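# generate coordinates for the sequence data below:
(2 chains)
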Amino acid sequence: MISIIDYGAGNIKSLQFALEKTGMNSQITTDEVTIKKSDAIILPGVGAFQDAMRALKEQGLISIIKQEVAKGKPLFGICLGMQLLFELSEEDGETEGFGFLTGKVRKISGNVKVPHMGWNNLIKHRNIPLCNNLAPDAFVYFVHSYAADGLDTNTLVASTIYGETIPAIVQQNNIVGMQFHPEKSGATGLQLLANFKEMIR
Amino acid sequence: MLAKRIIPCLDVDKGRVVKGKKFTDIQDVADPVELAKRYNQDGADELVFYDITASNENRDIFIDIVEKVAAEIAIPFTVGGGIRTIEDIHRVLRAGADKVSINSAAVRHPALITEAARKFGSQCIVLSIDAQQTTKNYWQVYINGGRKQASLDAIDWAKQGEALGAGELVLNAINTDGEKNGYDLDLIQAIASTVNIPIVASGGAGKKEHFAEVLQAGYADAALAASVFHYSEIPIPALKDYLDKQGIPVRRDNDETSDF
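The predicted structure is shown next:
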């Protein structure tokens, strides 16, 4: 069972449906016991950085998630959920994130329309099992205005180009982040979710 | 490279997909969930569902469809039609929609856009504008499904919509809708050159060339159409092959190597 952390973010239902399609049971929760019992934790997407961190803090979830990750439990951040994995974000002033990954979250600064909305192709930097059965140049669906910057190059798995290079998939040990929405990225997205399932043991 | 999006639009009335011409003369087409699945498989980049009925009873049928669609497809979809309040927006997002499209209610109460963008994020608030050309370079905004004239200039309204917090614009040209003679390039160009949010062109697609025109010369980020897709006059894979040959970046199906 997978815990999808409920911090008031939008469309979690689609994520649950997509996980179901790839054979993963999930529960939308803030309950400590449920989170501790689960096989993996997902931090879902949509919303603002500051609101999300505040909600997580108020519900005492930050320390619980940190403890579980320290034990080796897979943690998967999607869209805003991926941004929360970094040290801090410039959205609404500076807000501290979980700090699992080195780097800051900044507004997309290229000469492009913001938000970065639509299908963009992945450029692979590292070949890891998380990318199994992915075609070169596979398209995935992005909706975001902020992106990670200054990250440790060892964590970068795939990027996309939108005015600048945007980290799209990151991974460090049991921590995975995707800036796009795999649950909205057609067959490619479902393949990525299935690959994540293989990480859960 | 960011792909240009191809978006089939499904007008839903009493639980069925229907097709109207110039917003009237409604014909029954298909079951919305089945059609959504077909488009998902064909490589549509996104879907739009418009609830064209107004009664509360039919609204519940529609929400039920939104839930079923969300369970079946893994691409983004927008819901529009009769969205009047924050609660309406909350309801369709909770049912599984990714974005909501607001039209008449935004004209009557522009603050709804701002309030909705603040609550749910700009990325899921789409301002839909029905525009009819009255003189050269002037487009009048219409509301109530194209039946009522609003005292607004479409270009001004688009700019205002962006400032209010809309994350995307859908531009429906009433003059060209259902005629299959091409999108209203002048309207799309005029608005694309004044706003900095994604633009979805709507109304008038009849051949593959029309899509290429509006995505290139029209600077649209996405092209929406209904009947050419519903009746398989233009299959989406063939359309994407064509656009790719024209040098327009599109998401192709050939990346679908998995078993899903």
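# what number of residues lie near B:Asp177?
22 (other CB atoms under 10 Å in any protein chain shown). Where you see a C-beta, it was placed from the backbone N, CA and C, and this is true even at glycine.
# what ranges does the stretch 1-150 of chain B have for its helices?
B:32-42, B:56-72, B:86-94, B:104-108, B:111-120 (DSSP state H, counting those that start in this stretch).
# among these, which is nearest chain A?
In terms of CB to the nearest CB, the element of those nearest to chain A is helix B:56-72, at 5.0 Å.
# what sits against B:Gly247?
Going by CB atoms under 8 Å, 6 or more residues apart in numbering or on different chains, B:Gly247 touches no other residue.
# if we use 10 Å, what do you get?
By CB atoms under 10 Å, 6 or more residues apart in numbering or on different chains, the contact set of B:Gly247 is B:Ala212, B:Gln216.
# ok, the residue nearest to B:Arg108 when sequence neighbours are not counted - how many residues close by?
Of all residues not flanking B:Arg108 in the chain, B:Ile143 sits nearest, at 7.5 Å (CB to CB, 6 or more residues apart in numbering or on different chains). B:Ile143 has 18 neighbouring residues, counting by other CB under 10 Å.
# dig out what B:Ile143 forms beta bridges with.
Applying DSSP bridges to B:Ile143 yields these beta-bridge partners: B:Lys148.
# any idea how far chain A is from it?
26 Å (CB to the nearest CB, to the nearest Å).
# what sits against that residue?
Counting by CB under 10 Å, 6+ apart, B:Ile143 has contacts B:Asn103, B:Ser104, B:Ala105, B:Ala106, B:Val107, B:Arg108, B:Ile129, B:Asp130, B:Gln149, B:Ala150, B:Leu152.
# nearest spatial neighbour of the first one, skipping sequence neighbours?
Spatial nearest neighbour of B:Asn103, chain neighbours left out: B:Ser128 (4.3 Å); criterion: CB to CB, 6+ apart.
# where does chain A dip in pLDDT?
A:9-11, A:46 (pLDDT under 70).
# max-length strand in it?
In chain A, with assignment by DSSP state E, the single longest strand is strand A:164-172.
# in that strand, what's buried?
A:Ile166, A:Pro167, A:Ala168, A:Ile169, A:Val170, A:Gln171, A:Gln172 (16 or more other CB atoms under 10 Å in any protein chain shown).
# return the member of the residues you listed nearest to chain B.
A:Ile166 (10.7 Å).
# the residue nearest to the closest one when sequence neighbours are not counted pairs with what?
Once flanking residues are discounted, A:Ile166 sits nearest to A:Ala147: 4.6 Å by CB to CB, 6+ apart. Beta-bridge partners recorded for A:Ala147 (DSSP bridges): A:Arg106.
# and A:Ala147, how close does it get to chain B?
From A:Ala147 to chain B the distance is 14 Å (CB to the nearest CB).
# what about B:Ser232, how many neighbours?
B:Ser232 has 11 neighbours, counted by other CB under 10 Å.
# just checking, it is part of a strand?
No - applying DSSP: H, G, I helix; E, B strand; the rest coil, one finds B:Ser232 to be coil, outside a strand.
# so who does it touch?
B:Arg38, B:Asp42, B:Ala238.
# ok, and the most crowded of these?
Taking other CB under 10 Å as the neighbour criterion, B:Asp42 ranks highest of those with 18 neighbours.
# pretty sure it is touching B:Pro235, no?
Yes - at 6.8 Å, B:Asp42 and B:Pro235 qualify as touching, with contact defined as CB atoms under 10 Å.
# surely B:Gly161 touches B:Ile197?
Yes - the pair B:Gly161 / B:Ile197 is scored as a contact, 8.4 Å apart, by CB under 10 Å.
# who touches both of the two?
B:Val126, B:Leu127, B:Gly167, B:Glu168, B:Leu169.
# ok, of those, which one's closest to A:Ile78?
Proximity of the shared contacts of B:Gly161 and B:Ile197 to A:Ile78 (CB to CB) peaks at B:Gly167, which lies at 18.8 Å.
# give me the neighbour count for that closest one.
24.
# got the contact list for A:Ser14?
A:44-45, A:181, A:183-184, B:70-71, B:73-77, B:96-98.
# what ranges does chain A have for its helices?
Ranges of helices in chain A, per DSSP state H, are A:13-21, A:32-37, A:49-58, A:61-70, A:80-83, A:186-199.
# tell me the most buried of these?
Using mean count of other CB atoms under 10 Å in any protein chain shown, the stretch among the helices of chain A with the greatest mean number of neighbours is helix A:80-83 (a mean of 27).
# output that helix as PDB, restricted to C-alpha atoms.
Output in PDB follows, covering the C-alpha atoms of helix A:80-83 (Å, rounded to 0.1, in the frame of the first residue of the first chain):
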ATOM      1  CA  LEU A  80       5.200  20.600  -6.400                       C
ATOM      2  CA  GLY A  81       5.900  17.400  -4.400                       C
ATOM      3  CA  MET A  82       9.300  17.100  -6.200                       C
ATOM      4  CA  GLN A  83      10.000  20.800  -5.400                       C
END
